[in-house]
Structures are given as structure tokens and as C-alpha cells.
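Colleague: compute the structure for the input listed below.
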Amino acid sequence: MSKTSKNLPAILGGTPLVTADHAAANHWPLLGEEDEQAVLRVMRDGNLSFHPVVQELEDDYRALTGRRHALAHNNGTAGLLAAFFALNLNPGDEVLLPDPCYPCNRHFVRLFDALPRMIPVDETQNYQPTGTSVGANWGPATRGVLIASPSNPTGSAISREELGAIVDTARRNHGFVIVDEIYQGLTYESGPSTALELADDIFVVNSFSKYFNMTGWRLGWIVVPETHMRGIEKLAQNMFICPSAPAQYGALAAFRPDTLAVLEDRRLEFKRRRDYLVPALRQLGFRIPVTPQGAFYVYAGCEHFAPDSGDFAVRLLEEAGVAVAPGLDFGANQPERHVRFAYTRSLEDLQEGVDNITRMLRSR
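Modeller: Numbers count the residues shown, from 1 in each chain. Next comes the predicted model:
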């Protein structure tokens, strides 16, 4: 517990925090109120069809790409990734992933006795794989590559050129490309985009958890080539049946124009937090060579303060009341040199956390 506040300024969590107090301070309606009313109407009217949200999502992608895309949805992206790998992997197959990356992705690969093959990435590559690095690591057992853009833990986004080069490499090797776009919409120097603008023969997973701030509603989707749609549908139907119908109707409320306006205000608030936290941490001595382009994370070098990020994270928690994630959570690529901050807390909490870290470092 922080010595200066009854609230732990945890600059860690991957869930966007918007409390009633935060919403009131920013003159935002609580998104949950819209969702709640939508769900109550559904329960009252008894309109509990299986797939009400699919058409809305298909229309959204058509507006972005000018083309129709096949789409399946279920209880968050986790189940859909599991269904995808069940359909595409056999024991001993390999999937290429960047290191560092979201840890669950490599565990999904292992779930089917396949092997995650990690590609070390750093600031020279904007913390993203390249066409060259994917080609160099593609082996006889490689079945495909999984990319996240924007990514967790770095907040980096892959360029259109490099993504195109990776897609070309996968095509030459008859493999798949799956792009995790769960932070789509939470970008700060460019508008919303999707890898589907570049290619039709790739797979994209997404969710209502991050941009729409509906993490606990557990609703995600996957966009697949028409050739794979039936296989994904059969697996999803047998593994999960369907997502909760009330959650789907709640999600439909997120597409209302007034709700989208609130979400845009929140995106700008995340940018404001990023624009405070990154220079503040740099001033303290953390190494942040790449400003995050999206999501709500800062992957910071802490080697100036300690030889091991795990020990440093414990010290931050115990002495400054600030929680961060050590690099080991995200891979084996110099994890001892990095910690992940998150700016999911209010700006005031971030400022308090930075002040606490400053006092801790000065007391060394």
C-alpha cells in the first residue's frame, strides 16, 4: 500500500479504468449505462437471438475496407485463438511470434503441442517483426506468424510496408498470418485501420475489451478468409456454442453515435496520459527509445536502476506503492532490463505514482 495514498497507484493493469468519478470529472456518461439499458430491453422483450452483433461488425469492416469479410464471434479473443490454432496446428508445428509479446499468445500455441518460435525485436525494429526477420526464422515446421498491432507490452504498431512483407513471406511458404488488433482504435498519431485493408487472405482477431472498455463482457471476434469460415464456425459452436446474447446487445449500444463520441474523448484522454507519462519516466532515467503509437503501455528500460527488473518491480511496489509488470512476463528477450508501465489509471494517479517513484529513487 502506498505510504502517501489509500489507493495503490498501480501503473500496471491492462484494463482501461473509467470509474464514475473519472466519468463525472470529464463530463462523460458511463458507457455501462448504455449497455445496461440495452441489456434490460433485451431481457424484457425476450429477444435473445444468437448472433445480433455480427451484422454490425461486418458493416464496420466493410466501411473500412470496401469489401465484405467473413466473421465469427465468441467469448473474447482467447477462445477464438484457441479455435484457430485447433484448426491450423498439429503437434510439433511452429508459430512465429515477436519477443516481447502478450504471454497468453505463446501459451495458446503450446496448448496444441505446437511450439512458439520467438523472434527477438527491439527499438531498431519498432518492437515489431519484419519481413526479413520472419523470413530468416521461417523453418520447415513453421505454419504461420502471429502479430499484434498495436502491441502489448510495447504499444508499437507495425508499418504497412513491413506487414505487407510479412504477408508475402507467409504466402511464399504457404503459411498463415494472424493479426491481433485488440487495441484497434487506441492509436494516437493515426486514425483507425485494419490489416484487412492490405490483404484478404489473413486472419484478424479483435475484441470489445479495450477500445470499447467492455473487458468483463467477454465478447470478441475473428475475421477469416471465406475458405476457413466453416471450420472456425464448427469449432466455435462445439467449444463455446455462442457468446452471451445480452452481452451482444450491450455491445450494439457501443456503436451508437453518441457512444462513439464518448469513446473518442477517452482515446484523447489516453493520449494525454501517454504524453505525460513517457517524458516523465524518461526524465527519471528510464530508457524509452520508442514512443508508443497505441494501446496504453510503456515498455521501459530500467537497467539504470537495477540489474534485474523483477527485483526492481518488487521494490517499486514495496517502497513506492507502484505496481509494474517485469519484463519476464512478456518473453526471454532481455527481460531483466525492462518493465511495463500502463496508463490505464487517471492522470492524477499517474502523477502520484511518478512522484512516489521519484522519492524512492532519490532515497537510494
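Colleague: only C-alpha atoms from now on, for both contacts and neighbour counts.
Modeller: Will do.
Colleague: which element is residue 282 on?
Modeller: Residue 282 belongs to helix 257-284 when assigned by DSSP states H and E.
Colleague: burial of the residue nearest to residue 320 when sequence neighbours are not counted, as a residue count?
Modeller: The shortest distance from residue 320 to any non-neighbouring residue, by Cα to Cα, 6 or more residues apart in numbering, is to residue 356 (5.0 Å). Other residues near residue 356 number 20, with proximity taken as other Cα atoms under 10 Å.
Colleague: do you have the helices of the protein handy? List them.
Modeller: Using DSSP state H, the helices of the chain run over 20-25, 31-45, 54-65, 76-88, 103-110, 131-137, 160-172, 226-240, 245-252, 257-284, 309-315, 347-362.
Colleague: mean pLDDT lowest for which of these?
Modeller: Lowest mean pLDDT within the helices of the chain: helix 20-25, at a mean of 47.
Colleague: domains of this structure?
Modeller: Per the record, the chain has its domains at 20-30+258-362, 41-255, by automatic domain parsing.
Colleague: how far does the last one sit from its chain's centre?
Modeller: Using Cα atoms, centre = their mean, to the nearest Å, the mean C-alpha position of domain 41-255 is found 10 Å from that of the whole chain.
Colleague: and stretch 352-364, by the same measure?
Modeller: Taking Cα atoms, centre = their mean, one finds the center of stretch 352-364 at 29 Å from the center of the full chain.
Colleague: show me what counts as buried in it.
Modeller: For stretch 352-364, the neighbour count (16 or more other Cα atoms under 10 Å) marks 352, 353, 354, 356, 357, 358 as buried.
Colleague: using JSON lines, lay out those residues together with distance to residue 231.
Modeller: Formatted as JSON lines, the buried residues of stretch 352-364 follow (distance: Cα to Cα, whole Å):
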{"residue": "352", "distance to residue 231": "50"}
{"residue": "353", "distance to residue 231": "48"}
{"residue": "354", "distance to residue 231": "49"}
{"residue": "356", "distance to residue 231": "52"}
{"residue": "357", "distance to residue 231": "51"}
{"residue": "358", "distance to residue 231": "54"}
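Colleague: between these, which is nearest residue 285?
Modeller: Nearest to residue 285 out of the buried residues of stretch 352-364 is residue 358 (Cα to Cα; 10.2 Å).
Colleague: how about the closest one: what's its closest non-neighbour residue?
Modeller: Nearest one to residue 358, counting by Cα to Cα, 6+ apart, is residue 284 at 7.0 Å.
Colleague: can you check residue 117 too?
Modeller: Distance criterion Cα to Cα, 6+ apart; nearest residue to residue 117, sequence neighbours excluded, is residue 96 at 4.8 Å.
Colleague: if I look at the one you found, how far off is residue 242?
Modeller: Per Cα to Cα, to the nearest Å, residue 96 is found 29 Å from residue 242.
Colleague: these two - which one has more neighbours?
Modeller: Comparing residue 96 with residue 242 by other Cα under 10 Å, the one with more neighbours is residue 96, at 24 against 17.
Colleague: look at residue 192 and say how many residues are nearby.
Modeller: Residues within reach of residue 192, counting by other Cα under 10 Å, total 12.
Colleague: might one say that it is in contact with residue 182?
Modeller: No: using Cα atoms under 8 Å, residue 192 is not in contact with residue 182, being 11.9 Å away.
Colleague: follow-up on the earlier one: against residue 322, how distant is the residue nearest to residue 320?
Modeller: 8 Å.
Colleague: again, but for residue 103
Modeller: To residue 322, residue 103 is 22 Å away according to Cα to Cα.
Colleague: go on, residue 101?
Modeller: 22 Å.
Colleague: so those two - more neighbours on which side?
Modeller: Set residue 101 next to residue 322 and count neighbours by other Cα under 10 Å: residue 101 wins out with 28 against 25.
Colleague: residues in contact with that one?
Modeller: Counting by Cα atoms under 8 Å, 6 or more residues apart in numbering, residue 101 touches 148, 151, 152, 153, 330, 331.
Colleague: do residue 267 as well
Modeller: By Cα under 8 Å, 6+ apart, the residues touching residue 267 are 185, 186, 187, 188, 211.
Colleague: of the residues you listed, which is the nearest to residue 86?
Modeller: Nearest to residue 86 among the contacts of residue 267, counting by Cα to Cα, is residue 211 at 27.6 Å.
Colleague: surely the closest one meets residue 183?
Modeller: Yes: here residue 211 reaches residue 183: they are 6.3 Å apart, a contact under Cα under 8 Å.
Colleague: between these two, who's got more neighbours?
Modeller: More crowded of residue 211 and residue 183, by other Cα under 10 Å: residue 183, with 25 against 20.
Colleague: so what does the closest residue to that one other than its chain neighbours have for phi and psi?
Modeller: Closest residue in space to residue 183, ignoring its immediate chain neighbours: residue 295 at 5.4 Å, by Cα to Cα, 6+ apart. Dihedral pair for residue 295: phi 60, psi -150, per degrees, to the nearest 10.
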